[in-house]
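Student: how does the following fold in three dimensions:
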Amino acid sequence: MLLNLPSPRGRNIYRGYAGDFGLAGTIADETLLPIHLAYGASAAKRQGCEYDVADAQVLRYGSSQAVDVVRRSTPDILVSWLALPSLHDDLALLDEIKRAVPGVVVVALGAVCNVMPEEVLLKSNVDMAVCGWYPHYNLISQAIQVLRSSGPGQAAFDKIGGARYLKQGQMVQSPIEPCEETLDELALDVYRQLPIQKYLRDVPDIRGSTIKCISIATSTGCPYACMYCPYPIGYGRKVTHKSIPRILDELESLKTNFAVTGFSFRDQLFTHNKQRVEDLCDEMVRRDLNVKWHVEARADEVTDGLLTKMRRAGCFRIHYGVETGSPEMLRKTGKPGLEIDMAKKAFKMTKEMGIATTAHMMLGLPGENQETLKISLDLLCQINPDVASLNVTTPYPGTKLFRMADEKGWLSTRDWSRYTSFDAIMRTDELTTAQLSEARKVMRRRFRNFKLRHDSEYRRLYLKALPKAVLGRLASLFRS
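Tutor: Below you'll find the model as predicted:
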């Protein structure tokens with residue numbers, strides 16, 4: 001059985017974000033399509049075994065309902081994905097399942113298992129924590145083959161690449177390296193086993209009109225070595241591409257069978273291979289798909305010609321990682337190779353193309369102080385993105401930043417539930433976590449005020465959405 005675990009009460013876990021560590025938010029009615037679940041189901045289907053697939057998160061199941069679903073299925077093997085902000089709850093639930101379904105072999109996956117498998121195994125009854133790369137198709141295929149032929153024992157675990165398990169209270173690992181992944185083996189009919197309409201989320205275009213989008217992956221992996229970034233940990237450093245014909249078939253299938261016309265391409269570096277992007281855009285136009293989509297890209301990897309083709313093929317929004325306005329911080333700890341002028345140029349080109357922009361900024365990188373915060377706000381106002389996503393720097397386990405923060409005593413907690421990208425849990429030499437939390441609020445407010453003064457379209461949309469926002473805040477106060 002393949003199970004997407006439910007969110008803990010009062011939180012919403014975005015398991016596919018932050019390099020597969022997951023983010024934690026409070027938007028209770030929004031769940032991203034779990035791409036890993038679709039690939040896991042594809043692996044089970046192509047291996048010819050009987051299987052069930054359940055997304056307890058999108059169905060809003062509590063712990064007892066999730067346990068009941070597994071109990072009714074009575075699986076021999078249960079595969080689930082762990083997230084860092086919900087790790088305690090995830091492991092507690094898997095322990096409940098182990099008690100309710102004696103004999104089930106529980107297999108845990110995700111970036112957490114890649115860097116802290118001992119904590120997973122020693123603090124739960126999980127049988128095997130496997131190191132591997134998102135979306136885990138080959139990993140699950142291999143595990144099914146081995147466990148079906150050799151039986152669910154520790155001798156079998158050694159035949160699974162990346163497997164970690166306990167032996168006499170000590171963690172041991174398989175002598176076989178984690179297997180490389182593929183994206184072309186997705187079985188499109190597994191989408192029929194998922195409540196597709198529940199995964200659609202509204203994404204605004206440059207005019208403020210919302211497009212209902214669903215998540216798919218056309219590539220995974222990131223070869224860059226940004227000190228703070230968890231992408232290489234969960235997705236791997238090798239960029240793996242889905243073939244263009246398979247991408248087009250997937251888009252057409254979702255459009256034909258589920259009336260989906262908007263897509264969130266969840267690639268870490270969509271524009272890394274420019275020729276491939278151009279070829280994909282040409283084919284989308286040639287097939288007359290008439291779909292809309294948005295992506296994440298590095299600002300130094302786009303050109304006017306590439307953006308033209310992307311816009312013609314349906315791209316309506318691009319998310320750029322700007323990180324900081326300080327050239328020195330950008331060079332040393334933010335995004336080596338990216339320069340401030342490159343970011344300015346990318347936003348200018350993208351906006352002139354009629355594509356909406358989102359700027360992702362990180363507050364609290366090493367070297368952050370009040371002056372660099374002001375510089376970052378000034379840059380935001382210069383590039384004037386349609387949306388500014390302001391996150392507090394989170395030092396994820398396994399990154400160079402986490403090791404640095406640990407050595408320098410910057411970490412305020414190892415309570416993983418607070419590693420959300422919104423909670424300040426790491427100070428800098430000059431700023432406390434409280435000052436960083438306050439800085440995020442101040443920067444959000446000042447950028448909003450800047451947009452209200454200088455962007456008439458933003459002002460119109462803000463005033464239009466204000467009554468709904470006020471009602472939502474009042475409702476949350478009554479619930480609490």
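Student: so who does the nearest residue to Q173 once chain neighbours are set aside touch?
Tutor: Leaving aside its chain neighbours, Q173 sits nearest to R164 (4.8 Å; criterion: C-beta to C-beta, 6 or more residues apart in numbering). Glycine gets a C-beta too; all of them are placed from N, C-alpha and C. By C-beta atoms under 8 Å, 6 or more residues apart in numbering, the contact set of R164 is 113, 117-118, 121, 128-131, 171-174.
Student: select only the buried ones of the residues you listed in PyMOL?
Tutor: Typed into PyMOL, the line below selects the buried ones among the contacts of R164, using 16 or more other C-beta atoms under 10 Å:
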select buried, resi 113+117+121+128+129+130+131+174
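Student: end-to-end on stretch 210-228?
Tutor: Taking C-alpha to C-alpha, to the nearest Å, stretch 210-228 runs 32 Å from one end to the other.
Student: buried sites along it?
Tutor: Residues of stretch 210-228 classed as buried by neighbour count (16+ other C-beta under 10 Å): 211-222, 224, 226-228.
Student: and the strand or helix carrying the residue nearest to Q173, how far out from the chain middle?
Tutor: Here R164 sits within strand 163-167, counting by DSSP states H and E. Distance of strand 163-167 from its chain centroid, counting by C-alpha atoms, centre = their mean, to the nearest Å, is 27 Å.
Student: can you name the element that comes right after it?
Tutor: strand 170-173.
Student: remind me what that next one packs against, helices and strands.
Tutor: helix 117-122, strand 163-167 (3 or more C-beta pairs under 8 Å, 6 or more residues apart in numbering; DSSP states H and E).
Student: neighbouring strands of the helix or strand following that strand in the sheet, and parallel or not?
Tutor: Going down the chain from strand 170-173, the next helix or strand is strand 201-204, by DSSP H and E. In the sheet, strand 201-204 lines up against strand 210-216 (antiparallel) (DSSP bridges).
Student: what lines up beside the very next helix or strand once past the partner strand in the sheet?
Tutor: Helices and strands here follow DSSP H and E; after strand 210-216, the next one along the chain is strand 219-220. Within its sheet, strand 219-220 is paired with strand 240-241 (antiparallel), according to DSSP bridges.
Student: how much space separates T432 from R418?
Tutor: The gap separating T432 from R418 is 15 Å, by C-beta to C-beta, to the nearest Å.
Student: where does L78 fall, secondary structure wise?
Tutor: L78 belongs to strand 77-81, assigned by DSSP H and E.
Student: try S376
Tutor: helix 370-383.
Student: just to revisit the earlier point, export the contacts of R164 to TSV and tack on pLDDT and distance to T240?
Tutor: Converted to TSV, the contacts of R164 look like this (pLDDT from 0 to 100; distance: C-beta to C-beta, whole Å):
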residue	pLDDT	distance to T240
C113	98	19
P117	98	23
E118	97	28
L121	98	28
M128	97	24
A129	98	22
V130	98	18
C131	97	16
M171	97	28
V172	96	29
Q173	95	23
S174	96	22
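Student: for C381, state which of the contacts of R164 is nearest.
Tutor: Proximity to C381 was ranked across the contacts of R164 by C-beta to C-beta; first place goes to C113, at 41.7 Å.
Student: pull the contacting residues for the closest one.
Tutor: Neighbours of C113 in contact, by C-beta under 8 Å, 6+ apart: 82, 120, 129-132, 164.
Student: cool, and G162?
Tutor: Listed by C-beta under 8 Å, 6+ apart, the contact partners of G162 are 130-132, 139, 173-174, 176-179.
Student: what's the answer for K351, then?
Tutor: 206, 357, 384.
Student: in stretch 435-446, what counts as buried?
Tutor: So for stretch 435-446, counting by 16+ other C-beta under 10 Å, buried means 435-437, 439-440, 443.
Student: who touches the helix or strand hosting R445?
Tutor: Assigned by DSSP H and E, R445 belongs to helix 433-454. For helix 433-454, the external contacting residues (C-beta under 8 Å, 6+ apart) are 361, 363-364, 368, 373, 376-377, 380-381, 384, 388, 390, 392, 412, 423-428, 431, 458-459, 462.
Student: switch the cut-off to 7 Å
Tutor: Under the criterion C-beta atoms under 7 Å, 6 or more residues apart in numbering, residues 363-364, 373, 377, 380-381, 388, 390, 392, 412, 424-427, 458-459, 462 lie in contact with helix 433-454.
Student: stretch 127-145 too?
Tutor: Contacts to stretch 127-145, defined as C-beta under 7 Å, 6+ apart, come from residues 20, 35-36, 39-40, 42-44, 47, 49, 79, 105-109, 113-114, 117, 120-121, 157, 160-165, 178-182, 185, 217, 220, 234-236.
Student: what about it, distance to the chain center?
Tutor: The answer for stretch 127-145 is 18 Å, by C-alpha atoms, centre = their mean.
Student: try stretch 383-392
Tutor: 18 Å.
Student: where do the domain boundaries of the protein fall?
Tutor: Residue ranges for the domains of the chain, per automatic domain parsing: 2-173, 200-453.
Student: for K345, helix, strand, or coil?
Tutor: Local secondary structure at K345 is given as helix here, using DSSP: H, G, I helix; E, B strand; the rest coil.
Student: mind checking pLDDT for it?
Tutor: Here, the pLDDT recorded for K345 equals 98.
Student: one step back: can you name the element that comes right after the helix holding S376?
Tutor: Per DSSP H and E, the first helix or strand lying C-terminal to helix 370-383 is strand 387-392.
Student: in that following strand, what's buried?
Tutor: 388, 390-392.
Student: what angle do it and helix 370-383 make?
Tutor: Angle, strand 387-392 to helix 370-383, by axes from the mean of the first three to the mean of the last three C-alpha atoms, to 10 degrees: 160 degrees.
Student: quickly run through the sheet partners of strand 387-392, with directions.
Tutor: Under the rule (DSSP bridges), strand 387-392 has strand 356-363 (parallel) as partners.
Student: what mean pLDDT does the partner strand have?
Tutor: Strand 356-363 shows a mean pLDDT of 97.
Student: so which of the helices and strands packed on strand 170-173 gets nearest A299?
Tutor: helix 117-122 (35.3 Å).
Student: what's that closest one in contact with?
Tutor: 82, 91, 108, 112-113, 126, 129, 131, 164-166, 171.
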